[in-house]
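>>> Provide a 3D model corresponding to the input given below.
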Amino acid sequence: MRLAEGFASASLDELKAALDGGSLVIYSTGRPPLPDHDVTRSGVLATFTFASPAFGAEPSGEDDDGAVAPAFAEDSVEAVNVGTPSFARALKADGTVVADFSVGPGKTEVKLSEVSATGGHPIAVTSMRMPLPAEEVSWEKTGFGHVYMTSGDDPRRKMSVRG
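Numbering: from 1, shown residues only. A predicted model of the protein is given here:
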């Protein structure tokens, strides 16, 4: 999970409250380095609307991995495009960006009922994690382009280069 600058010091309860009535937008590939950057290389696959309150009681029996119980207005939504989900952007009800989440199978923060989206077919969020502290990103300009380094533990997500 990467937090927008305005939520960098927010607690888990403050993040959950900020999402009351907000949305979780699922995108295809091309996650921006930070939530404060516009989404430019990705297409919207599906949009979930959070209920108010946006989260229920914490799941029981989970390790301390940040598992949360999101509550949506609808359990499943219809995908609007075809693609492979890569990341999700969570927004407040007024459209303010709160955070970006990794999406997919494996060690991701949002898991879906499907590994790919097909326009007109249902898709659902099956689990969600909001681990704190959030992943941090730093970058610098090099001769090869911009190098982005993350603080996450997953070695496949430690660095990327964009020209």
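>>> The strand or helix carrying Ile26: partners in the sheet, and parallel or antiparallel?
Taking DSSP states H and E as the definition, one finds Ile26 inside strand 23-27. Applying DSSP bridges to the sheet, strand 23-27 is found paired with strand 44-55 (antiparallel), strand 87-91 (antiparallel).
>>> what about Ala17, is that helix, strand or coil?
helix (DSSP: H, G, I helix; E, B strand; the rest coil).
>>> ok so, going back, just so I know, which of the strands paired with strand 23-27 lies nearest Pro32?
Evaluated with C-beta to C-beta, the strands paired with strand 23-27 place strand 87-91 nearest to Pro32, the distance being 8.4 Å. C-beta: built from backbone N, CA, C; applies to glycine.
>>> could the strands paired with strand 23-27 be laid out in JSON lines, adding mean pLDDT and mean neighbour count?
Shown next, in JSON lines, are these (pLDDT from 0 to 100; neighbours: other C-beta atoms under 10 Å):
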{"stretch": "strand 44-55", "mean pLDDT": "97", "mean neighbour count": "19"}
{"stretch": "strand 87-91", "mean pLDDT": "97", "mean neighbour count": "24"}
